[in-house]
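Trainee: Need a 3D model of the following:
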Amino acid sequence: GATGAVGKVLVKELLENKTFDEVVTFGRRKVDDKDFNEEQKSKLKQEIIEDFGELPNNEEQRNMFTGFDAGFCCLGTTRKTAGSDEAFRRIDYQYVANIGEAAKEKGCPMFLYVSSIGADKNSWFLYPRTKGEIEAKLESLGFDKLIIFRPSVLDRGDDSRF
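Mentor: Purely as a prediction, here's the structure:
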């Protein structure tokens, strides 16, 4: 989710932070780097994965998750944007699970995930139930450290979904 509302801001923050020597993004498309300075651009490596649904079956792509100290996942959508309940769950549950599994398999000790306020795997409603289920899935993977953020409404500026 490096090109989404949270991901764009996170990538910029990571590139500005001296703690990180390299920032690697995984996405279906590249992050627009026009607002980055040359030092930030030199720290940024962008990997394209066109279908996160195929990640479990693609050893070459899973190997790209090797050697990281931390993984940040901001991938998410809405039912409206996805177009159907099934498409929403594929992105917000299956793709996130595949990313978490690849990160854990390749030795990433810390995983940080942007979920949603009200996430509840027992909810009757699709959005909070899916968020709660993926939180439980990520917890079951056994990362040394798992941090889950539950923001409320996101300020998307001109790209508001309301």
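
Trainee: which stretches of this protein have low pLDDT?
Mentor: Applying pLDDT under 70 to the chain picks out residues 154-162.

Trainee: Kindly list the longest helix within it.
Mentor: Counting residues, the longest helix found in the chain (DSSP state H) is helix 126-140.

Trainee: Using PDB, write out the CA atom coordinates for that helix.
Mentor: Extracted in PDB, the C-alpha atoms of helix 126-140 (Å, rounded to 0.1, in the frame of the first residue of the first chain):
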ATOM      1  CA  LEU A 126     -17.700  -7.000   6.400                       C
ATOM      2  CA  TYR A 127     -15.200  -4.200   6.900                       C
ATOM      3  CA  PRO A 128     -14.500  -4.500  10.700                       C
ATOM      4  CA  ARG A 129     -14.800  -8.300  10.500                       C
ATOM      5  CA  THR A 130     -12.200  -8.600   7.700                       C
ATOM      6  CA  LYS A 131      -9.800  -6.200   9.600                       C
ATOM      7  CA  GLY A 132     -10.300  -8.200  12.800                       C
ATOM      8  CA  GLU A 133      -9.700 -11.500  11.000                       C
ATOM      9  CA  ILE A 134      -6.500 -10.300   9.400                       C
ATOM     10  CA  GLU A 135      -5.200  -9.000  12.700                       C
ATOM     11  CA  ALA A 136      -5.800 -12.400  14.200                       C
ATOM     12  CA  LYS A 137      -4.000 -14.100  11.200                       C
ATOM     13  CA  LEU A 138      -1.000 -11.800  11.600                       C
ATOM     14  CA  GLU A 139      -0.900 -12.500  15.300                       C
ATOM     15  CA  SER A 140      -0.900 -16.200  14.600                       C
END
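
Trainee: What lies in contact with that helix?
Mentor: Residues from elsewhere that reach helix 126-140, judged by CB atoms under 8 Å, 6 or more residues apart in numbering: 78-79, 85, 88-89, 92-93, 96-97, 100, 111, 113, 115-116, 118-123, 146, 148. In short, each C-beta sits where N, CA and C put it, glycine included.

Trainee: Sounds good, over and out.
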